[in-house]
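Undergrad: sequence plus predicted model, see below.
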Amino acid sequence: MLFLNTFKYFFLNYCCDIYVFNKTTFGAASALASEITSNIYSAAGMGNAVIYVCGTCTDICVVSNVLGLKEHFPETKICVIEDLCAGLTKEKHNAAIEVMKSCQVDIMSSKDVICGDKK
């Protein structure tokens, strides 16, 4: 399971190991994809991995990084934890959520993630 927080850090958790990726640029998806490919998935392979994403701003950082990750890992399940995201306005947040849904990104709540909902 991988956790991505677009606000300050990317938190990655896979097989009980925790990886922290410092977000240093606006669009960090390429750097994160490189980190995932070289350090996390190199031995384990992609398997049934899920990338969970949360952060601010939904309509800027979250959507840009999610779509970048989808480009790098088109077959990997990517989930946005909607109640842990915030946009510049509610309308822009909702519009970004709809864009991500249209690109086969799952939208979940933190409760779904904690309780293990398998969307």
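TA: Cool, the structure landed.
Undergrad: make it CA atoms for all contacts and neighbour counts henceforth
TA: Will do.
Undergrad: against Asn94, how distant is Leu32?
TA: From Leu32 across to Asn94, the span is 25 Å (CA to CA, to the nearest Å).
Undergrad: of these two, which one has the most company?
TA: Leu32 (21 against 16; other CA atoms under 10 Å).
Undergrad: which SS state does that one fall under?
TA: When classified by DSSP: H, G, I helix; E, B strand; the rest coil, Leu32 comes out as helix.
Undergrad: what's the pLDDT at it?
TA: pLDDT recorded at Leu32 is 78.
Undergrad: cool, and Gly45?
TA: The model's pLDDT for Gly45 equals 57.
Undergrad: ok, Lys70 next?
TA: At Lys70, pLDDT is 91.
Undergrad: and it, how many neighbours?
TA: 21.
Undergrad: shaky segments in this protein?
TA: Along the chain, segments meeting pLDDT under 70 span 1-26, 39-48, 117-119.
Undergrad: just the strands in this structure please.
TA: Taking DSSP state E to define them, one finds strands in the chain at 2-5, 9-14, 17-22, 50-56, 77-86, 106-108.
Undergrad: I am finished for the moment; much appreciated.
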